[in-house]
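Chemist: Dropping a prediction and its sequence here:
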Amino acid sequence: MDILVIILLLGAIHGIFLAVILVTLKNPRRLANKFLAIILLLFSVIIFLHIGLHLENVRTLFPAFESIANPHQVFKSLYVFDTLALLVGPLTYFYFKAIVDVNFTFNREKLVHFIPAIVCAGLFTPLALISFSGNPNVADNNAVQIFYMAIRWFVFSQFLFYIVLIVIFSYKNVWMIKDHSLGSETIQWMTILIISYILLWGIAALLTMTDAGNSAWNYVWIIASLLIYTCGYLGLKKPSVFQGAGSPDNVSIEKYKKSVLSSEMSDQYMKKLENFMRQEKPYLKNDLSLPILADQLKIPVHHLSQVINERFNQNFYEFINRHRVEHALSLIKDESYGHLKIAEIGYQSGFNSISVFNAAFKKMYHQTPAKFREIRK
């Protein structure tokens, strides 16, 4: 077994191992870690399929791979590649959003992002049920080739769309914010992931256009394997990437040592922020973000982040959720709102899910809002 096969096999196994670990972590980035775990599993499955389809020496050692390498099944297996690949883009986009926004929740409306994968699976299923034993060269049929290439280029287009979407999201919510509360290690990881995806897309598209042989695709999955190894390295050396930063965003004196924000200007920003929160109540909008609030206040994003960190000893989402909880508490105490359900109070206070509302309320008052209301009666 050559070194290439070892790298790919260990990468796939490593991906499964890391996915199991990620889903067991209980920390502020639990949802983000679940998205990453699924992504790693997808890469591992695709790598295993690639090994079984194209590397004969592996099939000699592992006869189980012979079934998918059978000429009657090869082109069916290729549709599995495409279906799984259509899941990677949306999952990575949600992964980035969950890292940046601790209040991010996955709901039914977001399932629309997976429609392409569902459609592809629907097209694949009838083919999987058909036997081509009488025509082992079915993959060479012109109609099949055209159909397959159409699916393949649709996959490339969809993946590119999400790369662009992720880059735009990262630029607006991460890269343009100096001294971002996520921390440099997390931002570096996000950047590495984007660069890896661009390389994956570029090489895969080039190989498809040049009709390169199967062995050339090894380079694509080596990159995927290296990405998995990078996850493992970060888990050991920089665990904050997957655990999230502590409150308030692991802010230290050193972090703002070189900041040009003066104490006088910081005081002005703090008063402006407090007045705006009290009068305009921007926290009632569930899509409020640090860049949006900074734009409303006409304060540089990194300065607003610094003021919240230093003056309130909180990160942005802790700061916003505190105001939301206080608003919800006032509604619970107000008898005129007694007809509202707890979920409705949470939504009216700016939360986008009942679970986040309950967690934030319990963190401040050591009991759920429902329990608080029950005790008051």
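Modeler: That came through, no problem.
Chemist: Now do the contacts for the nearest residue to residue 105 once chain neighbours are set aside.
Modeler: Beyond its immediate neighbours in the sequence, the residue positioned closest to residue 105 (C-beta to C-beta, 6 or more residues apart in numbering) is residue 353, lying 4.1 Å away. Yep, even glycine has a C-beta here, placed from its N, CA and C like the rest. Listed by C-beta atoms under 8 Å, 6 or more residues apart in numbering, the contact partners of residue 353 are 103, 105, 107, 346.
Chemist: Just put these in JSON lines and tack on pLDDT and neighbour count.
Modeler: Putting those into JSON lines (pLDDT from 0 to 100; neighbours: other C-beta atoms under 10 Å) gives the following:
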{"residue": "103", "pLDDT": "71", "neighbour count": "23"}
{"residue": "105", "pLDDT": "81", "neighbour count": "15"}
{"residue": "107", "pLDDT": "81", "neighbour count": "8"}
{"residue": "346", "pLDDT": "93", "neighbour count": "26"}
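Chemist: Now the residue nearest to residue 105. Its backbone dihedrals?
Modeler: Taking degrees, to the nearest 10, you get phi -160, psi 150 for the backbone angles of residue 353.
Chemist: What is the nearest of the contacts of residue 353 to residue 338?
Modeler: Using C-beta to C-beta, the shortest approach to residue 338 within the contacts of residue 353 belongs to residue 346, at 15.3 Å.
Chemist: Surely the closest one and residue 328 touch.
Modeler: Yes - between residue 346 and residue 328 there is a contact under C-beta atoms under 8 Å: 6.2 Å.
Chemist: intersection of neighbour lists for the two?
Modeler: With contacts defined as C-beta under 8 Å, 6+ apart, the residues adjacent to both residue 346 and residue 328 are 357, 369.
Chemist: these two touch, right, residue 204 and residue 220?
Modeler: Yes - contact status for residue 204 versus residue 220: in contact at 5.3 Å, counting by C-beta under 8 Å.
Chemist: before we move on, the earlier item: can you name the two of the contacts of residue 353 that are farthest apart?
Modeler: In terms of C-beta to C-beta, the contacts of residue 353 reach their longest pairwise distance at 107 and 346, which sit 14.1 Å apart.
Chemist: follow-up on the earlier one: now the contacts of residue 353 in JSON lines, please, with extra columns for distance to residue 165.
Modeler: Written out in JSON lines, the entries for the contacts of residue 353 read as follows (distance: C-beta to C-beta, whole Å):
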{"residue": "103", "distance to residue 165": "20"}
{"residue": "105", "distance to residue 165": "19"}
{"residue": "107", "distance to residue 165": "18"}
{"residue": "346", "distance to residue 165": "29"}
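Chemist: Go through those and flag which are in helices.
Modeler: Residues from the contacts of residue 353 lying in helices, with DSSP state H as the criterion: residue 346.
Chemist: nearest to residue 13, of the contacts of residue 353?
Modeler: Distance to residue 13 across those (C-beta to C-beta) is lowest for residue 105, with 32.0 Å.
Chemist: you'd agree that closest one is up against residue 356?
Modeler: Yes - because the distance of 6.6 Å satisfies C-beta under 8 Å, residue 105 is recorded as touching residue 356.
Chemist: circling back: and which of the contacts of residue 353 is nearest to residue 190?
Modeler: residue 103 (18.4 Å).
Chemist: how much space between the most centrally placed residue in the chain and residue 36?
Modeler: Relative to the mean C-alpha position of the chain, the nearest C-alpha, by C-alpha atoms, centre = their mean, is the one of residue 95, at 0.7 Å. With distances defined as C-beta to C-beta, to the nearest Å, the gap from residue 95 to residue 36 amounts to 5 Å.
Chemist: One more: residue 314?
Modeler: Plainly put, residue 314 is 26 Å away from residue 36 if you go by C-beta to C-beta.
Chemist: quick revisit: excluding sequence neighbours, find me the nearest residue to the residue nearest to the centre of the chain.
Modeler: For residue 95, the nearest residue in space outside its immediate sequence neighbours is residue 35; the separation is 3.9 Å by C-beta to C-beta, 6+ apart.
Chemist: May I have the residues that are in contact with that neighbour?
Modeler: Neighbours of residue 35 in contact, by C-beta under 8 Å, 6+ apart: 91, 92, 94, 95, 98.
Chemist: hang on, the earlier thing: distance from the helix or strand harbouring the residue nearest to the centre of the chain to the middle of the chain?
Modeler: Applying DSSP states H and E as the criterion places residue 95 in helix 74-100. Computed by C-alpha atoms, centre = their mean, to the nearest Å, the chain-centroid distance of helix 74-100 equals 11 Å.
Chemist: pLDDT of it, averaged?
Modeler: Across helix 74-100, the average pLDDT comes to 82.
Chemist: now swap in stretch 2-13 and tell me
Modeler: If you average the pLDDT over stretch 2-13, you get 84.
Chemist: Could I get the CA-only coordinates of it as CSV?
Modeler: C-alpha atoms of stretch 2-13 as CSV (Å, rounded to 0.1, in the frame of the first residue of the first chain):
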residue,chain,number,x,y,z
ASP,A,2,1.6,3.3,-1.1
ILE,A,3,1.8,6.5,0.9
LEU,A,4,-1.0,8.2,-1.0
VAL,A,5,-3.5,5.5,0.0
ILE,A,6,-2.3,5.7,3.6
ILE,A,7,-2.9,9.5,3.7
LEU,A,8,-6.4,9.1,2.2
LEU,A,9,-7.4,6.2,4.4
LEU,A,10,-6.1,7.8,7.6
GLY,A,11,-7.7,11.1,6.6
ALA,A,12,-11.1,9.4,6.2
ILE,A,13,-10.8,7.5,9.5
